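Enquirer: sharing a model prediction with you, sequence too.
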Amino acid sequence: MYCLWKRTLGYKYKNDIFLDAGNSGTTARLLCASLIDTNKDINLTGDNSLRKRDMQRIIDPLKRIGARFVSKKGKLPLVIKANNNLKPINYFENLGSAQCKSAVMIAALKTPGLTKLKCLPSRNHTELMFKNVLNIPIKIKKNNKYDLIQLQGLQNFKSFDYNIPGDISSASFFIVLTLLSKNSSILIKNVNINPTRTGIVNILNMMGAKIKFRNKKRYKGEQNADIFVKSNNNLRSIKLNPKFNSLAIDEFLLIFLVAATCKGISIFKNLGELNKKESKRLDWGFKILKFMGIKVKKIKNDGLKIWGDPNLKIKQDIIIKDFLKDHRVFMVSVIAALTIGGKWIIHDPDSIKTSFPKFLSIIRELGGKYN
């Protein structure tokens, strides 16, 4: 893939710019950061699902840098207003959100000075890109609770070539499909295994899986490997420490599904962030488990208590609809149907077009059957 990065003050803005981020919260939030020095007003929107998601979490810190926005209750559509008065800030990112952290880091490149961030641990792809690809002066220090980041603005950087590896979040569906199937194994080649992205592998291994990384290598600061998975019928329940949450935040629907097949009670806490995704995923996890006949209870601190059933047999038809265009709800429903059994009627297959358009064709190649 070929990427062209302009110098921080090098964009040329046209009149009447309208941008559509589709279903991607990452695209919308990082566009807000990369365009804050515009000299023309820019209109930004997204699909129905994205227009319901919170943009205030990046609007607030970007306004401190000097950005100007017009929005209704911190949601899309919004207008990025013309502006040329930007300044570095000290920022405390307390959500564990890589999008918020990255938005501030990108915006900081446009400021004349030193920006300092104190962040809860989250995905660090932006830090690695700045350091190993763009050669931007950046200092990173870690302590027990936070990452401390410093970077200098107004730096020159050049276009570059970058070979993007497989996405572990997409691979996770096939990891769980294999893990819960009988007499199965799979080797998924050349996947990014950045330690801030492999939370689901760590959690599943704590539950008794024996997922292995093979052929490890490093590319421009990132770790890549092949992932080998074998089916396992002796998985165990888990009471998960919330410190792992941010490292697997997009994969919890799959983790809930695995917990439903384990003997014993699994407990997950502090997952309110799931309800701020494309749909209310914590609520959807609860609903899907209920549909499957699993005993599940919502508990305080935005958590779930799941009574697993290794002998679960679904007798009734299960209808999953009204996704609000959430690709992960669709895909986890497919994995549940293929591994737990029963007749599932799953709506909204178009939701995967923005993130994983080949998902169903790969399922069919692996022997999965659907109409």
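Expert: Yep, that arrived. Numbering: from 1, shown residues only.

Enquirer: ok so L254 is a helix residue?
Expert: Yes. Using DSSP: H, G, I helix; E, B strand; the rest coil, the assignment for L254 is a helix.

Enquirer: what sits against the residue nearest to it when sequence neighbours are not counted?
Expert: Of all residues not flanking L254 in the chain, V176 sits nearest, at 4.7 Å (C-beta to C-beta, 6 or more residues apart in numbering). Every C-beta, even on glycine, is put in place using the N, C-alpha and C of the backbone. If you count contacts by C-beta atoms under 8 Å, 6 or more residues apart in numbering, V176 has them with 204, 254, 257-258, 335, 339.

Enquirer: now, among those residues, which is nearest to I314?
Expert: Comparing these against I314 with C-beta to C-beta places T339 closest, at 10.8 Å.

Enquirer: ends of stretch 71-85, what's the gap?
Expert: One end of stretch 71-85 sits 20 Å from the other (C-alpha to C-alpha, to the nearest Å).

Enquirer: and that stretch, what's buried?
Expert: For stretch 71-85, a neighbour-count test (16 or more other C-beta atoms under 10 Å) marks 71, 75-78, 80, 83 as buried.

Enquirer: before we move on, back to that, tell me how far the helix or strand harbouring the residue nearest to L254 lies from the chain's centre.
Expert: Secondary structure assignment for V176, by DSSP states H and E: helix 168-180. What separates the centre of helix 168-180 from the centre of its chain is 15 Å, taken as C-alpha atoms, centre = their mean, to the nearest Å.

Enquirer: and for stretch 211-228?
Expert: 19 Å.

Enquirer: before we move on, what about stretch 113-126?
Expert: The chain centroid and the centroid of stretch 113-126 are separated by 17 Å under C-alpha atoms, centre = their mean.

Enquirer: now what about that stretch, what contacts it?
Expert: For stretch 113-126, contacts defined as C-beta under 8 Å, 6+ apart pick out 87-98, 101-102, 104-106, 108, 145-153, 194, 196-197, 222, 246-247.

Enquirer: now do stretch 177-184
Expert: Contacts of stretch 177-184 (C-beta under 8 Å, 6+ apart): 185-186, 204, 209, 211, 229-233, 235, 257-258, 261, 335, 338-340, 363, 366, 368.

Enquirer: just the buried residues of those.
Expert: Neighbour-count burial (16+ other C-beta under 10 Å) applied to the contacts of stretch 177-184 gives 186, 204, 209, 211, 229, 231-232, 235, 257-258, 261, 335, 338-340, 363, 368.

Enquirer: restricted to helices, list the contacts of stretch 177-184.
Expert: 204, 257-258, 335, 338-340, 363 (DSSP state H).

Enquirer: D283: which of the residues you listed is nearest?
Expert: Comparing these against D283 with C-beta to C-beta places L257 closest, at 15.3 Å.

Enquirer: measure that closest one to M207 for me?
Expert: 12 Å (C-beta to C-beta, to the nearest Å).

Enquirer: L148 now?
Expert: Relative to M207, L148 is positioned 33 Å away (C-beta to C-beta).

Enquirer: who's more crowded, these two?
Expert: M207 (22 against 13; other C-beta atoms under 10 Å).

Enquirer: my read: that one touches L240, true?
Expert: No. With contacts counted by C-beta atoms under 8 Å, M207 stays clear of L240, the gap being 9.3 Å.

Enquirer: what are the ranges of the helices in the stretch 1-150 of the chain?
Expert: Here the stretch 1-150 of the chain has its helices, by DSSP state H, counting those that start in this stretch, at 25-34, 56-65, 98-108, 125-132.

Enquirer: ok, now the stretch 251-371 of the chain?
Expert: Ranges of helices in the stretch 251-371 of the chain, per DSSP H, counting those that start in this stretch, are 252-260, 281-292, 327-340, 359-365.

Enquirer: quick one: closest of the ones you listed to I319.
Expert: Counting by C-beta to C-beta, I319 lies closest to helix 281-292 out of these; the figure is 8.0 Å.

Enquirer: would you mind giving the domain segments of this protein?
Expert: Using automatic domain parsing, the domain parsing of the chain gives 14-161, 168-365.

Enquirer: just give the number of residues close to the residue nearest to K315 when sequence neighbours are not counted.
Expert: Spatial nearest neighbour of K315, excluding adjacent residues (C-beta to C-beta, 6+ apart): G342 at 7.3 Å. A total of 16 residues lie near G342 under the criterion other C-beta under 10 Å.

Enquirer: what pLDDT does G342 get?
Expert: pLDDT recorded at G342 is 90.

Enquirer: so what's it up against?
Expert: Contacts of G342 (C-beta under 8 Å, 6+ apart): 292, 313-318.

Enquirer: can you put the helices of the stretch 251-371 of the chain in TSV and add distance to L128?
Expert: Shown next, in TSV, are the helices of the stretch 251-371 of the chain (distance: least, C-beta to C-beta, whole Å):
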stretch	distance to L128
helix 252-260	24
helix 281-292	27
helix 327-340	25
helix 359-365	27
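
Enquirer: which SS class is the spatially most central residue of the chain?
Expert: Central residue of the chain (C-alpha atoms, centre = their mean): D250, 4.6 Å from the mean position. Following three-state DSSP, we place D250 in the helix state.

Enquirer: isn't it up against S169?
Expert: Yes. D250 lies in contact with S169 (C-beta under 8 Å); the separation is 5.1 Å.
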